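Undergrad: structure of the sequence below:
(one chain, ligands or ions: 2)
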Amino acid sequence: MNKIISPSVLASDFANLQKEIEMLNQSEADWIHIDVMDGVFVPNISFGMPVLKSIQKHNKKVLDVHLMIVKPDQYITTFAELGADIITVHYEACDHLHRTLQLIRSTGAKAGVAINPHTPISVLEDILPYLDLVLIMSVNPGFGGQKFIENTYTKVEKLRAIINQRGFDINIEIDGGVNDQNIEKLSKAGADVFVAGNFVFASDNPIETIKNLKIKANL
Ligand code: DX5
Ligand code: ZN
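TA: Ligands and ions are numbered 1, 2, ... in the order given. Predicted coordinates for the structure are as follows:
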């Protein structure tokens with residue numbers, strides 16, 4: 001399977017969003033990653049629906065929405081209507097995760113769950129049949145540009161083994177501190193979707209950077 005690159009718009013220049021989205025359209029990015037933060041679940045506020053609506057006027061890629069918010073159920077239909085192809089909620093933010101995932105799937109979107117660095121893979125055991133994607137946070141959520149947490153490799157290996165053993169079709173997405181030094185190892189450990197924010201947008205040539213990440217992910 002071809003590995004997927006999902007650049008995070010959080011690291012883009014918000015004053016030039018149209019230009020940034022058009023750049024991503026031209027690139028080999030497969031998805032675009034949208035980080036929604038509420039200042040409650042995470043200690044930062046990013047952007048919400050109006051900005052996403054503007055992004056969608058230009059975006060031609062698969063829309064990968066990562067909700068770092070408490071009580072996500074109340075906004076899932078809205079994000080689906082805005083064009084989200086994948087909606088990922090946090091395990092730590094959902095009291096009734098099974099219900100939330102069913103709600104996501106009922107909108108036609110794919111259902112993802114994200115786990116923080118402190119959350120073990122084992123808690124996902126009973127929920128795997130209801131999932132299309134697991135997002136493993138490789139930094140603490142809330143900010144771009146943080147250092148990658150090394151324990152992520154072990155988590156990816158464990159999760160990939162369980163998914164394969166049980167025969168599920170579930171993507172493993174890595175989010176936080178992804179760069180050209182760790183993407184190949186993450187890919188070999190069993191991850192198939194890679195979010196990259198600062199590594200892409202702070203580079204001199206984001207289109208080339210995305211291309212190189214994709215090559216390394218597919219080695
Ligand atoms: C962090 C976000 C990430 C972030 C990644 O809370 O979920 O998607 O934008 O940014 P980098 O790649 O800079 O770590
Ligand atoms: Zn994210």
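Undergrad: any idea how many residues pack against the residue in the chain that ligand 2 sits nearest to?
TA: The chain approaches ligand 2 most closely through residue 66 (3.7 Å), counting by Cβ to the ion. (Each C-beta comes from the backbone N, C-alpha and C, glycine too.) Residues near residue 66, counting by other Cβ atoms under 10 Å, number 27.
Undergrad: what secondary structure does it sit in?
TA: Classification of residue 66 using DSSP: H, G, I helix; E, B strand; the rest coil returns strand.
Undergrad: from ligand 1, how far out is it?
TA: As judged by Cβ to the nearest ligand atom, to the nearest Å, residue 66 and ligand 1 stand 5 Å apart.
Undergrad: and the pLDDT for that residue?
TA: With respect to pLDDT, residue 66 scores 99.
Undergrad: may I have the beta-bridge partners of it?
TA: residue 35, residue 88 (DSSP bridges).
Undergrad: what does this protein have sitting close to ligand 2?
TA: Neighbours of ligand 2 within the chain, by Cβ under 5 Å from the ion: 35, 66, 175.
Undergrad: now with 6 Å?
TA: Counting by Cβ under 6 Å from the ion, the positions of the chain adjacent to ligand 2 are 8, 33, 35, 66, 175, 195.
Undergrad: and the residues you listed, which is closest to residue 187?
TA: Ranked by distance to residue 187 (Cβ to Cβ), these are led by residue 195 at 13.3 Å.
Undergrad: and the spatially closest residue to residue 218 that is not a sequence neighbour, how many neighbours does it have?
TA: Excluding the flanking residues, the one nearest residue 218 by Cβ to Cβ, 6 or more residues apart in numbering is residue 3, at 5.2 Å. By other Cβ under 10 Å, 21 other residues sit near residue 3.
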